[in-house]
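> coordinates for the following, if possible.
(chains A and B)
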Amino acid sequence: MTNSMAEIAKTGVAFVIGSNTTWSHPVFGSMLKRAVREKGVKLIVCDPRRIDLVEFADIWLQQRNGSDVALLSGLQHIILKEGWEAADYIRERTEGFEDYRKSMEEFTPARVEELTGIPQDKLYAAAKLFAQSGRGAIYYCMGITQHSHGVDNVKACANLSLITGNLGVEGGGVNPLRGQSNVQGACDMGCLPNVLTGYQPITSPEAQAKFAKRWGSQPTALKVGLTATAMVPAAGDKIKALYIMGENPLVSDPNVNHAEKCLAKLDLLIVQDIFLTETAKIADVVLPAAAFAEKIGTITNTERRVQLSNKAFEPPAGAREDSEIIAGIAERLGAEGFPRTVADLWQEIVELTPQYAGMTYERLRLCGLQWPCPTPDHPGTPILHKEKFSRGKALLAPLTYRAPAEEPCEEYPIRLSTGRMLQHYHTGSMTRRAKVLDSLVPTGQIELSPADATRLGVRSGNRVRVITRRGSIVTFANVVERVAEGSAFAPFHFHESAANRLTNDALDPVCAIPEYKVCAARIERAEQ
Amino acid sequence: MLSLTINDRSIEAAEGETILAAARRAGVEIPTLCAVKGLAPTGACRICVVEVEGFAGLVPSCSYPVAAGMKVHTHSARALDARKTIVELLLADHPDDCLYCAKNKDCELQDLAESLGIRKRRYRSSSQPVRLDVSSPGIVRDPQKCVLCGRCVAVCNQVVVNDVLDFGARGAKARIICDADRPMGLSTCVLCGACVEACPVGALVFKEQLNCMPDGRVQTTRVTCPYCGVGCQIDMHHKDGKYIYSTATAEAAELQPNQGMLCVKGRFGLDFLNHDGRLKSPLVRKNGQLEPVSWDEALDYTAGKLAAVKAAHGPDAIGFLSSAKATNEENYAMMRLARGVIGTNNIDHCARL
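Numbers count the residues shown, from 1 in each chain, chains lettered A, B, ... in the order given. Next comes the predicted model:
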C-alpha cells in the first residue's frame, strides 16, 4: 500500500475494486464500514458479485469478470472529458499525459457498457463521485492482479489515482491489500527472481557485489531467475530439484492437474512445512518446521509495517525453526559463516536493506515501523511518494483493452472465478485443522446464481460437477443471490475438490501472474 | 477551556467534554460499565453517577458535559450509596456461580461489588432462569449473567459494524438478541468476537475459556496473526505449551493495525498449533514410502542431493520457493541459500498465487 489503513477515516471517497474486503481482510473491512457509517466516507464498490460491502456502497459497479481495464479507463475517459482531472498535479508530478490521454479516447461510456455490462449513467455517477469527493483512496486485491492482463489493471488503478491527484497524499493512494501475513516481507527480502532485498535489481553489478562481499560468496549470474509460475512447469525439464518452504502448490497453483504431473518428474522435491500437506505427500524429503508463535521474527504487513511476532511456546518436539533448518543445509553445502540465529539474520537484513536500515527489534516492539526507515531516528513512512516518485515523475501508462485468455462459449458457458471465503485461508492447511473454522465450513462449494441453479435443476447442498478445459471436480452447490447469472465462484481452499484443477494457467506476459479470476466452465448436476 | 472542581481540586476542561473524561484526565477514577472507549456514551448503566453541587439528582458523568464553576464529587456518600444500590440490583438476578465462571477474577461486576463493599445479596429477583445459548461454535452466551450494559451492542454495530446484536424487548424483559432473536449460531454473526472482549462479565465468553479456568499457568504472548496481510496484533493466551484463545492486543491498541479488532480466523483459527497432525520428525522417501529419519540423516541427504543436482546440471537446475507465511529473517535465509550458497536466482514465493 502507498498509504496506511487508518487513513480510511480521513479519505473522502474509497474506491474498492477486486477485493471482497469483509471476507479476505475482515478487520480492514470493519474499518471501511465504520468510516462510511461514522465519517460519511463515500464508497464505490466494483465487483462482479454483490459482496457484503455493496450494502455500504454509494455506487456498485457490477463489471463482468476480466473487464476491469475497460471499467477503470471508462471512468478516466469521463473525468478527462468533463475536465475533472487535477491539472496542476498532472503537470507537476506526471509525464506521458498526451499518449495516455489519447489511449483513453476509445473508452467511451457506450463501449465500456458493451465490455463491462455497466450502465452508462452508473459509470458517469461513479466517475463524478470519485473525482469530486475530496481525497480518493483506491483499494484493490487479487481481483485486479490475477488476470492475464493484471499489470494493465494495476496501471489503470495508478492512472486513475494520478489524474485525480491522489498519489502521495494523506487519505489517498493506490492500496493493494496483501493477502498473506508476510507476502510483503517475502518480497522485501528478495524472494523474487529479479531483485535482492529492498528491491535492489539482480541485474545491477554494484548490488550483486555488495551482497557477495557481505556473504563471502560469488555473485550469481546477472540475469533474472524463474518465477514460481515458470519453475513448476519446468519441473523435470530445466528444473531438477525444488525446495519448497511453507507452500502448497498442489492446491494453490493454477491448473493443478498439470502441476501434479510436473512435480512428479523432479529428481528431488524438498518440502518444509508444519503439516503433511498435499505437496509434502509427494516429496522426497519432508522437513518439519516450527509454526508462528513458536519462534520470534519480523513480519511486514500490507501497509509496509514491520512488526515483531513473539515466541509463545516451544514447537512440537522434533520440529525446528526454518532458519535453523536452512542454516543446517547451508553448512553441509560448505557455506561458511551462514547466520544461524534470528538475531544474526536480522543484522544482515538491516545492513543490506536501505528501507530497513533504521530498524531494531526494540524500536519495533510497541507498534512496528513502516518502511522506508533509513536511519535509527527515522519515524518510518506511512505515506509513500509524498515529495516525488522513485522514478522522479510518475508515468501515465497508455492502455488498451485485452479480453481474458478464456471467455465463455457454447461448450463452457459459465464465467468461473475463484477466491477466498471468510472462514478459510488459502490451501486450508491451517484453517481446516482449526476446529471452529472447520465446523463452520467443512466442505468445498461453488456459488451459483438462482437462475443457473434452476436451469441445472440443482439446489444448495446438491452435488455438481464443474468442468473446464483443464479438469473437473465434484463439489456442493451453494445457490446465492450475490452471483450474477452466467457466473460462478469457487473458493479454492479444499484439496478434495480443488478449484485449481479448473483454473487457467494463462499468465500475464509481464509479471507472470496466473488468471485465477476468469475461466470458462460447464456445470452439471452430479450423482447425489 | 473552562475550570471546574472535582473532589475539591481545580481542573481545566474543554468545552463539551464530559465529567468522566475530565476526571479521568485528572487521574480520578470513576467506575463505569457501559462506556466504550472511542464511542459516544449511552448512559445505560448509571454506575458512573456523581454528585454535582446545586443539582437535585445525581448525574451520569459519562454523558454529562462539564460547565464552568461546576463542583463535582465523585465519591461522596450519596454517589457511593447510589452506585452500591445499582450493583446490588444487578446482582439480584446474577447467578452465584463465580467459582465456576470463566470470568472469575476478571469480572468488572465482581470488582465493583468488591470495591463497594458488597458482601451479601440484599435483593432477590423473581425472574425465571434463562437458558444458555450454546448454538455458536465459538461463543457461549449466558443471558442470566448479562447486566444489559450494551457494550456488546455498541461494538457490534459501531466498531466492527457487523450489525448483529441489539436490545430486544423492554423493561424487566429487556435482553440482548442476535438479528431478529435468533440463536447466535443461526444468526448472521461472523464470529469476530468483539462482543466477547467488550463484555464486562461472563455473559459472553469464548467456548475455549470454559475448558480452561483462569489460573496462574495461563500466560499471554503478543504475536502477529498468521493469516491475511492486515497484520493484526494478537494477545495469545496459552497454558503448558498449548494455545487456548486469542484477544486483540490491548497494549496501545489504537496504534496497532487492527485497532483492537480481530476476525474469525485470528480469533478461532489458531488451534492448528495444537493439532495432532503436526509434523514431528523429518521424513525421507525410501522404497517409495516417506519414513521417519533423524535430523542429521535428513539434512545430510538433502544437502547431498542438492550438491549432486548442482554438480550434474548447474545451479539453475534448482528452484527455491520461499514462504509468505515465514518471517523476514527466514525468507532472507532462504534467499541467501539460493543466491549465496547454491548460486541461482531461481527464487520466488507465493505472491502471485
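> which residues does the most centrally placed residue in chain A contact?
Geometric centre of chain A, nearest residue: residue A:142, 4.3 Å, by Cα atoms, centre = their mean. Residues in contact with residue A:142 (Cβ atoms under 8 Å, 6 or more residues apart in numbering or on different chains) are A:18-19, A:179, A:419, A:516-517. Glycine gets a C-beta too; all of them are placed from N, C-alpha and C.
> tell me the pLDDT at it?
You'll see residue A:142 listed with a pLDDT of 97.
> helix or strand for residue 153, which one?
As the question left the chain open, I've gone with chain A. Assessed by DSSP states H and E, residue A:153 sits inside helix A:150-163.
> switch to chain B, that's the one I care about
If you go by DSSP H and E, residue B:153 is part of helix B:151-154.
> so that helix, near chain A or not?
No: Helix B:151-154 stays clear of chain A (Cβ under 8 Å from any Cβ of the partner chain), getting no nearer than 12.1 Å.
> which helices and strands does that helix pack with?
Secondary-structure packing of helix B:151-154 (3 or more Cβ pairs under 8 Å, 6 or more residues apart in numbering or on different chains; DSSP states H and E): strand B:165-168, helix B:194-198.
> if we compare the ones you listed, which one ends up closest to residue B:33?
Closest to residue B:33 of those is helix B:194-198 (Cβ to Cβ; 10.9 Å).
> and the closest one, which residues are buried?
Residues of helix B:194-198 classed as buried: B:194-198 (neighbour count, 16 or more other Cβ atoms under 10 Å in any protein chain shown).
> give the other helices and strands that that helix contacts.
On a contact count with 3+ Cβ pairs under 8 Å, 6+ apart, helix B:194-198 meets helix B:151-154, strand B:204-206.
> taking the stretch 101-250 of chain B, what residue is nearest to chain A?
Residue nearest to chain A within the stretch 101-250 of chain B: residue B:231 (2.8 Å; Cβ to the nearest Cβ).
> got a list of what residue A:163 touches?
With contact taken as Cβ under 8 Å, 6+ apart, residue A:163 is in contact with A:76, A:79-80, A:85-86, A:90, A:94, A:396.
> what parts of the stretch 51-200 of chain B come near chain A?
Proximity of the stretch 51-200 of chain B to chain A (Cβ under 8 Å from any Cβ) is limited to residues B:137-138, B:158-162, B:190-192.
> coming back round to it: run a quick neighbour tally on the residue of the stretch 101-250 of chain B closest to chain A.
By other Cβ atoms under 10 Å in any protein chain shown, 28 other residues sit near residue B:231.
> do the same with residue B:232
With other Cβ under 10 Å as criterion, residue B:232 counts 30.
> same question, the one 4 residues further on
Each residue near residue B:236 was counted by other Cβ under 10 Å, and the total is 25.
> just confirm it is within a strand.
Yes: counting by DSSP: H, G, I helix; E, B strand; the rest coil, residue B:236 is found in a strand.
> now do residue 286, the pLDDT please.
Here I'm looking at chain A. As predicted, residue A:286 sits at a pLDDT of 98.
> wait, chain B
pLDDT, residue B:286: 97.
> quick one, what contacts residue 318?
Unless you meant another one, I'm taking chain A. Residue A:318 makes contact with A:288, B:279-282, according to Cβ under 8 Å, 6+ apart.
> right idea, wrong chain: chain B
A:239-243, B:306, B:309-310, B:338, B:342, B:344, B:346.
> and the strands in the stretch 151-300 of chain A?
A:174-176, A:241-245, A:268-273, A:285-288, A:297-300 (DSSP state E, counting those that start in this stretch).
> please identify the most buried of the ones you listed.
When the strands of the stretch 151-300 of chain A are scored by mean count of other Cβ atoms under 10 Å in any protein chain shown, the highest mean neighbour count falls to strand A:297-300 (a mean of 28).
> contacts for the helix or strand just after that one next, please.
Following strand A:297-300 in sequence order, the next helix or strand is strand A:305-309 (DSSP H and E). With Cβ under 8 Å, 6+ apart as the test, strand A:305-309 has contacts from A:4, A:185, A:292-293, A:296-301, A:356, A:359, A:361, A:364-365, A:367-371, A:373, A:380, B:223-224, B:231, B:233, B:257, B:327-328.
> residue A:413 against residue A:524, yeah?
No: Residue A:413 lies out of contact with residue A:524 (Cβ atoms under 8 Å); the separation is 11.6 Å.
> any idea how far residue B:39 lies from residue B:157?
According to Cβ to Cβ, to the nearest Å, residue B:39 and residue B:157 sit 10 Å apart.
> to clarify, my last question referred to residue B:221.
From residue B:221 to residue B:157 the distance is 31 Å (Cβ to Cβ).
> ditto for residue A:21
According to Cβ to Cβ, residue A:21 stands 18 Å off from residue B:157.
> re earlier: which of the residues of the stretch 51-200 of chain B next to chain A has the largest number of neighbours?
residue B:192 leads those on contacts (other Cβ under 10 Å) with 30 neighbours.
> the residue of the stretch 101-250 of chain B closest to chain A in helix, strand or coil?
What three-state DSSP gives for residue B:231 is coil.
> look up phi and psi at residue B:177.
Main-chain dihedrals, residue B:177, degrees, to the nearest 10: phi -120, psi 160.
> now it, nearest residue through space, not along the chain?
Nearest residue to residue B:177, sequence neighbours excluded (Cβ to Cβ, 6 or more residues apart in numbering or on different chains): residue B:168, at 3.5 Å.
> wait, the one you found sits on residue B:178?
No: contact status for residue B:168 versus residue B:178: not in contact, 9.1 Å apart, counting by Cβ under 8 Å.
> of the two, which one has the most company?
For the pair residue B:168 and residue B:178, the greater number of neighbours falls to residue B:178 (23 against 14), based on other Cβ under 10 Å.
> mind listing the helices for the stretch 201-350 of chain B?
Assigned by DSSP state H, counting those that start in this stretch, the stretch 201-350 of chain B shows helices spanning B:207-210, B:264-268, B:295-313, B:328-336.
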